[in-house]
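In: quick check, what structure comes out for this input:
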Amino acid sequence: MSTVRAFRIFLFYLLLSSSALLWCTLSFFVAPLLPFRARYRFVNQTWCRCAVWLSKVLLGIHYEVKGLENIPATPCVILAKHQSTWETFYLSAQFEPLSQVLKRELLYVPFFGWAMAMLKPIAIDRSNPKAALKQLAKQGHERLEQGAWVLIFPEGTRIPAGQIGKFSRGGAALAVNANLPVLPIAHNAGEFWPKQGWNKNPGTIQVVIGPVLHAEGTGPRAIAELNDRAFAWVSQAQRDMGALETEASGNGSSAAA
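Out: Purely as a prediction, here's the structure:
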């Protein structure tokens, strides 16, 4: 890594962390006075747009999006590939208001977690899958009824670039029970923002937003079938952009959230 590139990465993290501290501190005083949609725009959407802009200017990470016309007029369940932090920034800026399924421990992070807690996230305990599923079903349905998108990373964690993890059924179950479709999203952000380490690679991230997928019927069988179709679409989209090293051999989707 060159000295200039290392400096740019250092500067990026310095500005990202300092802006988060400043913005989250300001949010404590402003956000409680705002209705939820305006609060989301102020606390999360604005800062996430700043993060995407900083990664473009300082790290040389650009992006191209295909399929914006597939985004429905009313919120639904988003099932997105998970490789890095970048897609969290991008999706939080693109969809508003958005309620994200995340691990409960993130809410304890000073400033960042405290600000996130004001945005109605679905903060689950990963050590208790059964309770997490019930929480996702209840709170996810509430968020959808309140007019918020629900973002779920069905792989459960960041998967290294070139690979794809099994999709849990929690998101598909939420969509089926709410009588709403899922919106699948694929990307290759992990090639430029690796899961491990501080290094960042300049280039252009490809984001592909798929057509909404509707369940065929109700019940466990419809949930499993919808989840498998979402997995198949994301797998094929990853393969089409050259971001899947091995042939996906089927989802074998789990019931965990």
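In: now G219: phi and psi?
Out: phi 90, psi 180 (degrees, to the nearest 10).
In: pLDDT at the residue nearest to it when sequence neighbours are not counted, what is it?
Out: Nearest residue to G219, sequence neighbours excluded (Cβ to Cβ, 6 or more residues apart in numbering): V176, at 7.9 Å. (Glycine included, C-beta is placed from N, CA and C.) pLDDT for V176: 96.
In: ok, now V65?
Out: pLDDT, V65: 98.
In: any idea how far T218 is from the residue nearest to G219?
Out: With distances taken as Cβ to Cβ, to the nearest Å, V176 is found 6 Å from T218.
In: list the contacts for the residue nearest the centre of the chain?
Out: In the chain, the centroid-proximal residue (Cα atoms, centre = their mean) is T88; its distance is 4.5 Å. T88 is in contact with 48, 100, counting by Cβ atoms under 8 Å, 6 or more residues apart in numbering.
In: okay, buried residues for the one helix or strand it maps to please.
Out: Using DSSP states H and E, T88 sits within helix 86-94. For helix 86-94, a neighbour-count test (16 or more other Cβ atoms under 10 Å) marks 86-94 as buried.
In: tell me if I'm right that I71 and I185 touch.
Out: No - I71 is not in contact with I185 according to Cβ atoms under 8 Å; the separation is 9.9 Å.
In: quick check: L151 is in a strand.
Out: Yes - the assignment for L151 is a strand, going by DSSP: H, G, I helix; E, B strand; the rest coil.
In: and S2, what pLDDT?
Out: Looking at S2, the pLDDT reads 86.
In: circling back to that earlier point, kindly confirm my reading that the residue nearest to G219 is in a helix.
Out: Yes - according to three-state DSSP, V176 belongs to a helix.
In: quick check: A222 touching A173?
Out: No - with contacts counted by Cβ under 8 Å, A222 stays clear of A173, the gap being 9.5 Å.
In: ok, these two, which is more surrounded?
Out: Taking other Cβ atoms under 10 Å, A222 and A173 do not tie; A173 has more neighbours (24 against 17).
In: show me what the host helix or strand of that one is packed up against.
Out: Element membership of A173, judged by DSSP H and E, is helix 170-177. In terms of contacts (3 or more Cβ pairs under 8 Å, 6 or more residues apart in numbering; DSSP states H and E), helix 170-177 is packed against strand 77-80, helix 129-145, strand 149-152, strand 182-187, helix 219-240.
In: how many other residues sit next to L33?
Out: 9.
In: contact partners of the lowest-mean-pLDDT helix or strand in the chain?
Out: The helix or strand of the chain with the lowest confidence, counting by mean pLDDT, DSSP states H and E, is helix 112-116 at a mean of 77. Residues outside helix 112-116 that contact it (Cβ under 8 Å, 6+ apart) are 20, 23-24, 27-28, 31, 43-44, 102, 106-107.
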